[in-house]
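Fold the following for me, if possible:
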Amino acid sequence: MTARFIDTLRYLRSFRAGSILVLAVTALTVIGLVALSSAGKSFSSDSYFIFRRQVMWLIIALGAGGAAALVDLDWMRKLSWVMFGIAAVLLFLVLVPGIGVTVNGARRWLDLGPMRLQPSDLAKVAMVFVMANYLGVHQRSTTTFWKGFIFPSAILGVFVLLILAEPDFGTAFLCGIVGLAMLFLAGSRWLYLIPSSIVALSAFSVAVYLDPVRLRRITSFLDVEGNKSDSSYQLWQGMVAFGTGGVDGVGLGNGRQQLAYLPEAHTDFIFPVIGEELGLVVTAGIVLLFFAIFFCGVIAVRKAPNLFQFLLVFGSLLFVTFQALINMGVVTGLLPTKGMSLPFISYGGSNLVVMFLFTGILLNCLRTWDESPLPKPREL
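Below is the predicted model of the structure:
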């Protein structure tokens, strides 16, 4: 009787967290579709072109997320190195002239006819799986120099360097941060992590300094108002949008920024469009929804039965929440301008599919793992 009661408690706790996660992701996705129905008007003469494309990608994302929620994670683990190989090949193909598609000076996409694929998004999933698998297999050696630091750092370096070559400094930085966090939690020693992080950050800073476009973004970030007609124009317009919207917003479809005043209003800077048209109430709600996702992810992490699944869930959670934090930090002027989409909301098929894959992994864990922190029946 007591054992059945405990099983019921476990189920309800997992069900509650899983339900919150599903509701949060659903709410963010719906808000994104509503915002795109307005922000996409400046992108094409067809007012709902962006909206229809996002719905098409959403169908694919739902299938991918559903599969990730139901499939056996141990079976997926066997495909980790296959994922690594496919991701590395796709990232390399992007760099090949005539194959990779160049937009705004960066070659980040592959043209697949009716749609474009961004391999750096898919590389996030591959990176989480292969690093979690490697560190899980070598769990007893994670404190050593070669097996616990050099080899997994080399795996991470393949992803980071190929993404940097596009160039995509933001995604490379995000992958580096998530990868180092996974190494730290797996047990890699501070003696190796701190010096290597300093060297990597120094090299990253030099790369930014040598790139005039990215250096200008840093300098203009320090004086937004002084550069509002030039390099800080996009950020300034985003801040104007937030100020115009106030608490209640000007109403859906009534904002000025979606009328081509704000560049990339349907992708990286969709958050200011929402702030202008729907107001502080909705933007604050979005922040709370991402906190809810983080909360559910923490519950899932605590239930991990082994190091592989712990790192898999932790890496998935970090990619979703860190990307959201970076995007919102950029558009509010807290971070230098960097093209990074807002998960579940911004237009972009590859990223939407990947975010739903990560969500599916979290749901899978909440659905299948036992709740270890609960006391045993005899302790009640």
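
separation between residue 280 and residue 247?
5 Å (C-beta to C-beta, to the nearest Å). In short, each C-beta sits where N, CA and C put it, glycine included.

Same check on residue 337?
Distance, residue 337 to residue 247, using C-beta to C-beta: 26 Å.

higher neighbour count, the two?
residue 337 (23 against 8; other C-beta atoms under 10 Å).

Now that one: which helix or strand?
Under the criterion DSSP states H and E, no helix or strand holds residue 337.

Poorly predicted segments of this protein, please.
Across the chain, the ranges flagged by pLDDT under 70 are 1-15, 40-47, 104-105, 221, 223, 225-232, 256-265, 369-380.

Would you map the helices across it?
All helices of the chain, identified by DSSP state H, fall at 2-39, 49-70, 73-77, 80-94, 119-137, 151-164, 169-186, 190-210, 212-222, 233-245, 270-302, 307-331, 349-368.

any chance of the ones you listed in CSV, plus distance to residue 102?
As requested, those are exported to CSV (distance: least, C-beta to C-beta, whole Å):
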stretch, distance to residue 102
helix 2-39, 24
helix 49-70, 21
helix 73-77, 33
helix 80-94, 10
helix 119-137, 14
helix 151-164, 15
helix 169-186, 16
helix 190-210, 19
helix 212-222, 14
helix 233-245, 20
helix 270-302, 23
helix 307-331, 23
helix 349-368, 17
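
export these to JSON lines and tack on mean neighbour count?
Below are the helices of the chain laid out as JSON lines (neighbours: other C-beta atoms under 10 Å):
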{"stretch": "helix 2-39", "mean neighbour count": "17"}
{"stretch": "helix 49-70", "mean neighbour count": "17"}
{"stretch": "helix 73-77", "mean neighbour count": "14"}
{"stretch": "helix 80-94", "mean neighbour count": "18"}
{"stretch": "helix 119-137", "mean neighbour count": "24"}
{"stretch": "helix 151-164", "mean neighbour count": "19"}
{"stretch": "helix 169-186", "mean neighbour count": "21"}
{"stretch": "helix 190-210", "mean neighbour count": "12"}
{"stretch": "helix 212-222", "mean neighbour count": "15"}
{"stretch": "helix 233-245", "mean neighbour count": "21"}
{"stretch": "helix 270-302", "mean neighbour count": "20"}
{"stretch": "helix 307-331", "mean neighbour count": "23"}
{"stretch": "helix 349-368", "mean neighbour count": "24"}
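
For residue 107, which of those helices is the nearest?
Closest to residue 107 of the helices of the chain is helix 80-94 (C-beta to C-beta; 5.7 Å).

Give the other helices and strands that that closest one contacts.
strand 106-111, helix 119-137, helix 151-164 (3 or more C-beta pairs under 8 Å, 6 or more residues apart in numbering; DSSP states H and E).

With respect to residue 316, which of the ones you listed lies nearest?
helix 119-137 (5.8 Å).

Can you check what angle separates that closest one from helix 349-368?
If you take axes from the mean of the first three to the mean of the last three C-alpha atoms, to 10 degrees, helix 119-137 sits at 30 degrees to helix 349-368.

Distance from the chain centre to helix 119-137, please.
Counting by C-alpha atoms, centre = their mean, to the nearest Å, helix 119-137 is centred 14 Å from the centre of its parent chain.

repeat for stretch 134-143
26 Å.

how about that stretch as CSV, C-alpha atoms only?
Extracted in CSV, the C-alpha atoms of stretch 134-143 (Å, rounded to 0.1, in the frame of the first residue of the first chain):
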residue,chain,number,x,y,z
TYR,A,134,32.0,10.1,-24.1
LEU,A,135,32.1,11.4,-20.5
GLY,A,136,29.6,8.8,-19.4
VAL,A,137,31.7,6.0,-20.9
HIS,A,138,34.9,7.4,-19.3
GLN,A,139,33.2,8.3,-16.0
ARG,A,140,36.1,7.0,-13.9
SER,A,141,38.7,9.0,-15.9
THR,A,142,37.0,12.4,-15.9
THR,A,143,39.6,13.8,-13.5
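
contacting residues around it?
Here stretch 134-143 makes contact (C-beta atoms under 8 Å, 6 or more residues apart in numbering) with 77, 80, 147-148, 151-152, 155, 182-183, 186-189, 306-309, 311.

so how far does stretch 328-344 reach from one end to the other?
13 Å (C-alpha to C-alpha, to the nearest Å).
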